[in-house]
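Participant: Just to be clear, the model below is a prediction. Sequence and coordinates:
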Amino acid sequence: MKYIVLLGDGMSDEPNDQLGGKTPLEVANTPNMDRLAKAGKIGLAATVPKGFHPGSDVANLSVFGYNPADCYSGRSPLEAASMGVELGPNDVAFRLNFVWLEAHYGKMYMGDFSAGHISTEEAAALIKTLQEELGDDEFTFYPGVSYRHLLVWKNGRDQLKFTPPHDIITQSIEDYLPQGEGAKELMHLTNAAQMVLAHHPVNHKREENGKVPANSIWLWGHGRKPQMETYQQRFDLSGAVISAVDLIKGIGVNAGLDNIEVPGATGYIDTNYKGKGEYAVKALAEKDFIYVHVEAPDEAAHGGLLQEKIKAIEDFDRDVVGTVLDSLEQIGDCRILVTPDHPTPVAKRTHTSDPVPFIMFDSRTDEAASVAGYSEAEAKASGLLVAGHQLLPLLIERG
């Protein structure tokens, strides 16, 4: 038996006035997910436990089958694992976003949480300079992908409060700066980074080309190294992860899963959907389990891009879900879970904690569910609600 998780990040949404009160998932053309919903089981999963911020870290931990209340220590330690950065017991890791801060009437606003989706190559040059100018025995900068990077504070403090930059798009940042023990040190580092970035050739060239500069860093998602059981220990399964996002790869590393690199996988709406589906099918020839993560719907929603989100959902359905379904004979007996991690409503441009619609499909049976297709409304109407971390045990029939 093979086990497959196909996850469209932020795919779930709320009724949208521009769509006549429907959600992007209801409007999108999704014949493959509709087929699975009709032939399997549909319901809602609460992937964000009460009291937790609705981040992709918490929500994806749940979908991977881990209860965040038992193992969550922060987002960045998971990303550090993906990047091969070994954290000491007293080290604190931070997600470092390159952002564009915009000045208005004496205040600074979050103009773009991704610095215009800066390229990985440009960002690597900026991180290299920050490490040369500001790195020392206490702080170390590590390059990641696009706007997503890592800062490690050796023997750092972790009783701090941060706000994710995508939660405050277009808002003044003055009420969202770091708070708690160690906040002054981090603000000093941020201010020094702004000075370095202001004079960097990469930003000068971006401005010349009409692009927004990465004129600041933004720290958040901090934590220490987590303790997690591997899939081999928990389920006696071998497996792999396909994602362009360090967070998801890092969860995979801590779960003892391999990371599969797919050419053209970007973590954005231009990602190689088809390649992710094809590499997943290929991996299942040797692995028991595959987790395919597509960031595109979430990125579109954070940008307030309604039509782009609908297109991302359709591309996910056609080229990821469809590719897997077209290969069922090759894969053999399998169970498939299709789900978002959390909702990312386009109108709000950030995550919410609402339960998400999931599909559970078994190739050996045809449950013939009486649903019109895959949507939030159909999942709610089913009356089925499960905790997010129970999805994986249910998928492998060890609930």
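Facilitator: Sure thing, it's come through.

Participant: for this protein, what are the low-confidence residue spans?
Facilitator: Within the chain, the segments meeting pLDDT under 70 span 366-369, 398-399.

Participant: again, 50 this time
Facilitator: For the chain, applying pLDDT under 50 flags the ranges 399.

Participant: quick one, domains of it?
Facilitator: 2-72+227-395, 92-223 (automatic domain parsing).

Participant: would you turn those into CSV with mean neighbour count and distance to residue 86?
Facilitator: Quick note: C-beta positions are derived from backbone N, CA and C, even for glycine. Shown next, in CSV, are the domains of the chain (neighbours: other C-beta atoms under 10 Å; distance: least, C-beta to C-beta, whole Å):
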stretch, mean neighbour count, distance to residue 86
domain 2-72+227-395, 21, 11
domain 92-223, 18, 10
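
Participant: Same list, the ones you listed, but as CSV with distance to residue 80 please.
Facilitator: CSV is the format used below for the domains of the chain (distance: least, C-beta to C-beta, whole Å):
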stretch, distance to residue 80
domain 2-72+227-395, 7
domain 92-223, 5
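
Participant: Report the central residue of the chain.
Facilitator: Centroid check for the chain by C-alpha atoms, centre = their mean gives residue 56 as the closest residue, at 4.6 Å.

Participant: Compute the distance between that one and residue 148, please.
Facilitator: Distance of residue 56 to residue 148, given as C-beta to C-beta, to the nearest Å: 11 Å.

Participant: Could you tell me which residues touch both of these two?
Facilitator: Residues touching both residue 56 and residue 148 (C-beta atoms under 8 Å, 6 or more residues apart in numbering) are residue 245.

Participant: all helices for the stretch 251-399 of the chain, in order.
Facilitator: Here the stretch 251-399 of the chain has its helices, by DSSP state H, counting those that start in this stretch, at 273-283, 296-302, 306-315, 322-326, 328-331, 376-381, 391-395.

Participant: just checking, what's the longest strand in this protein?
Facilitator: strand 92-104 (DSSP state E).

Participant: other SSEs contacting that strand?
Facilitator: helix 75-82, strand 107-112, strand 148-153, strand 216-223 (3 or more C-beta pairs under 8 Å, 6 or more residues apart in numbering; DSSP states H and E).

Participant: Describe which strands that strand pairs with in its sheet and in which direction.
Facilitator: Strand 92-104 has these partner strands in its sheet, going by DSSP bridges: strand 107-112 (antiparallel), strand 148-153 (antiparallel), strand 216-223 (antiparallel).

Participant: Run the angle between it and helix 75-82 for me.
Facilitator: 120 degrees (axes from the mean of the first three to the mean of the last three C-alpha atoms, to 10 degrees).

Participant: roughly how far out does strand 92-104 sit from the chain middle?
Facilitator: Mean C-alpha position of strand 92-104 versus that of the full chain (C-alpha atoms, centre = their mean, to the nearest Å) differs by 17 Å.

Participant: What's the separation between residue 261 and residue 1?
Facilitator: 26 Å.

Participant: likewise residue 103?
Facilitator: Taking C-beta to C-beta, one finds residue 103 at 57 Å from residue 1.

Participant: got a list of what residue 29 touches?
Facilitator: Going by C-beta under 8 Å, 6+ apart, the list of residues near residue 29 reads 314, 317.

Participant: cool, residue 323 as well?
Facilitator: With the criterion set at C-beta under 8 Å, 6+ apart, residue 323 makes contact with 274, 277-278, 280-281.

Participant: Just the closest of the residues you listed to residue 345, please.
Facilitator: Using C-beta to C-beta, residue 277 is the member of the contacts of residue 323 that lies nearest residue 345, at 26.6 Å.

Participant: Excluding chain neighbours, give the residue nearest to that closest one in space.
Facilitator: residue 323 (2.9 Å; C-beta to C-beta, 6 or more residues apart in numbering).

Participant: Check residue 135 too.
Facilitator: residue 141 is the one closest to residue 135 (C-beta to C-beta, 6+ apart), at 5.6 Å.

Participant: Determine whether the claim that that neighbour is in a helix is correct.
Facilitator: No: using DSSP: H, G, I helix; E, B strand; the rest coil, the secondary structure at residue 141 is strand, not a helix.

Participant: Next one: it from residue 97, what distance?
Facilitator: From residue 141 to residue 97 the distance is 13 Å (C-beta to C-beta).

Participant: Find residues that contact each of the two.
Facilitator: Counting by C-beta under 8 Å, 6+ apart, the common neighbours of residue 141 and residue 97 are residue 149.

Participant: my guess is residue 186 meets residue 217, correct?
Facilitator: No: here residue 186 lies out of contact with residue 217, judged by C-beta atoms under 8 Å, at a distance of 9.7 Å.

Participant: So which of the strands paired with strand 92-104 is nearest residue 130?
Facilitator: Comparing the strands paired with strand 92-104 by C-beta to C-beta, strand 216-223 comes nearest, at 7.6 Å.

Participant: what's the distance between the closest one and the middle of its chain?
Facilitator: Distance of strand 216-223 from its chain centroid, counting by C-alpha atoms, centre = their mean, is 16 Å.
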